[in-house]
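Asks: Fold the following for me, if possible:
(one chain, ligands or ions: 1)
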Amino acid sequence: MVAHPRNAEWRNRLTIVRIVRLSLAVAGQQPEIRAYQVRMEMVEKKFVVTPWEVSGIVDYERLIREFGTQPISGGLAKRLESSLGDTAYLVRRQIFFSHRDLNLVLDDYEKGKGFFLYTGRGPSGPMHIGHILQFYFTKWLQEKFRVNVYIQMTDDEKFLEEKRNLSYEDTQKWAADNILEVAAVGFDPDKTFILQDTEFVGHAYPLILKIARRVNYSTAKSVFGFTGETNIGFSFYPAIQILPSLFEKKRCLIPSAIDQDPYWRIQRDIAESLGYHKAAAVHSKFMPPLTGMQDKMSSSKPETAIYLNDDEKTVRNKIYRHAFSGGQSSIEEHRKLGGNPDVDVPFQWLYMFFEPDDQRIEEIRAEYKSGRMLTGQMKDILVEKVTGFLRGHRERREKAQAQVHLYKKDGALAREMWKHDFSKS
Ligand code: TYM
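Replies: Got it, this is the predicted structure:
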């Protein structure tokens, strides 16, 4: 198997950190040594993006280089934008900024070969605004291209991720909750299959085994940073996240934030040897936490995120109290110097998702920069947009309860998947 060129470099870096850690541990962990160790790690890391951790201020151009992906720009961006029509703003504004083989997916579509979509969610708690952006974008792609969508609910992954400390029952509860949030997005019930891992993967086990046999431990270790302490369930898990990318013999396009890309790197090493296409992907940036442009929204820190189940009062409180502002410290200063939309989280949230109208978003930017618009006014706009969006989503969620069985079992695609004989895949 061909190892990713970056893997060797990652291994070296991790080894350096481990050697430093080891020698410091031996030295006895005096306070100044501990401080040195922390600094060493900061210098090493600066920012971290893995499927389980996002910290620091993410440098997206560097990620493109390090991960070996391509920017979505020029003619390719235009091709996708023209297919998406009025929902193209996420591409035009480079929120979806990077890809693998998107050009081949669009070629296949134009030649009539078609493609399919795959995305997912790890049900570890309530879903936030950043998660749901992925599902709305995937739904818009389904609407425009009329293709099948597979949505994986990785309750197994979240149970195995020990640091989350979730019981099996917790993961089942969150899976049911999150499936309803996803159903509220309004996917086509006959072209969408939601697979909850603990229910479905037994059925697909023969194909999972074929995947697992082709991924060796040193690849998984260097791509995901597994150590001797990693439980063996977690080491096997990548085979399960790769599975849906092989549900059809067509090309698979995976929308997600860029944190999930390590799985697709492994998938691309092995897919062709199993008679399938390499996965294609479109990667988004992360919606920043309310509290500032670094790190990520967290289920354990409610002030960092707006959850889909937050009521209007909570949304208001979170935004007015916690949203990091790019404004000046007094009104006089602000009028004189203007605000900085680049670090202003309310502006960034409007830009990344909540204000699709390009002319309006540029007006807001200009007003804020000039100092005519104050921080409070920017927050008012966001509160109105978020509460409006959540109201609509909540109404759709009420109705979606009756649809869940179609996505999981009884819709045309779900029935086909449950009937499929995976020993022949
Ligand atoms: P999870 O539950 O961590 O995240 C679900 C989806 O949300 C994206 N995401 C974000 N997008 C924008 N802004 C953010 N701040 C933000 N935080 C998370 C993630 O990239 C993801 O697309 N292992 C996966 C579940 C999974 C999956 C997949 C995801 C299984 N198969 C295929 C994407 C595609 C997970 O735990 O995602």
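Asks: Which helix in this structure has the most residues?
Replies: helix 375-400 (DSSP state H).
Asks: packing partners for that one?
Replies: Packing partners of helix 375-400 (3 or more C-beta pairs under 8 Å, 6 or more residues apart in numbering; DSSP states H and E): helix 168-183, helix 312-322, helix 345-349, helix 358-370. Placement of C-beta: from N, CA and C, glycine included.
Asks: Please identify the most buried of those helices.
Replies: Across the helices and strands packed on helix 375-400, averaging neighbours per residue (mean count of other C-beta atoms under 10 Å) puts helix 345-349 on top, at a mean of 24.
Asks: Now find how far off-centre that one is within its chain.
Replies: Counting by C-alpha atoms, centre = their mean, to the nearest Å, helix 345-349 is centred 18 Å from the centre of its parent chain.
Asks: The ligand contacts on the stretch 201-350 of the chain?
Replies: 241, 254, 256-257, 259-260, 284, 286-287, 296-297 (C-beta under 6 Å from any ligand atom).
Asks: Among the residues you listed, which has the minimum pLDDT value?
Replies: Within these, Lys296 has the lowest pLDDT, namely 84.
Asks: For it, which non-adjacent residue is spatially closest?
Replies: Val54 (4.1 Å; C-beta to C-beta, 6 or more residues apart in numbering).
Asks: Distance check, that neighbour against Asp311.
Replies: 27 Å (C-beta to C-beta, to the nearest Å).
Asks: Show me which of the two is the more surrounded one.
Replies: Neighbours per residue (other C-beta atoms under 10 Å) separate Val54 from Asp311, with Val54 holding more: 20 against 11.
Asks: Report the beta-bridge partner residues of that one.
Replies: For Val54, the beta-bridge partners are Val49 (DSSP bridges).
Asks: repeat for Arg251
Replies: Phe115.
Asks: Check Thr119 too.
Replies: The partner residues for Thr119, given DSSP bridges, come to Ile151.
Asks: burial measure for it, as a count.
Replies: Neighbours of Thr119 (other C-beta under 10 Å): 21.
Asks: Then the one 3 residues further on?
Replies: Applying other C-beta under 10 Å, we find 25 other residues in the vicinity of Gly122.
Asks: Can you point out the buried residues in stretch 214-227?
Replies: 214-215, 219-226 (16 or more other C-beta atoms under 10 Å).
Asks: Endpoints of it, how far apart?
Replies: Terminal residues of stretch 214-227 lie 20 Å apart, using C-alpha to C-alpha, to the nearest Å.
Asks: Give the rounded mean pLDDT of it.
Replies: Mean predicted lDDT for stretch 214-227 stands at 93.
Asks: ok, for the spatially most central residue of the chain, nearest residue in space, not its chain neighbours?
Replies: Closest residue to the average C-alpha location of the chain: Ala257 at 3.4 Å, with C-alpha atoms, centre = their mean. Using C-beta to C-beta, 6+ apart and skipping residues adjacent in sequence, the residue nearest Ala257 is Ser284, 5.0 Å away.
Asks: Thought Phe96 was touching the one you found, still the case?
Replies: Yes - the criterion here is C-beta atoms under 8 Å, and Ser284 meets it with Phe96 at 4.9 Å.
Asks: for the stretch 51-200 of the chain, what spans make up the helices?
Replies: 60-67, 74-84, 89-92, 102-110, 129-145, 155-160, 168-183, 197-200 (DSSP state H, counting those that start in this stretch).
Asks: and among these, the most buried is which?
Replies: Most buried among the helices of the stretch 51-200 of the chain, counting by mean count of other C-beta under 10 Å: helix 155-160, with a mean of 23.
Asks: close to the ligand, is that one?
Replies: Yes - residues of helix 155-160 contacting the ligand under C-beta under 6 Å from any ligand atom: Glu157.
Asks: if I look at Ile64, how far off is Leu84?
Replies: Counting by C-beta to C-beta, the gap from Ile64 to Leu84 is 21 Å.
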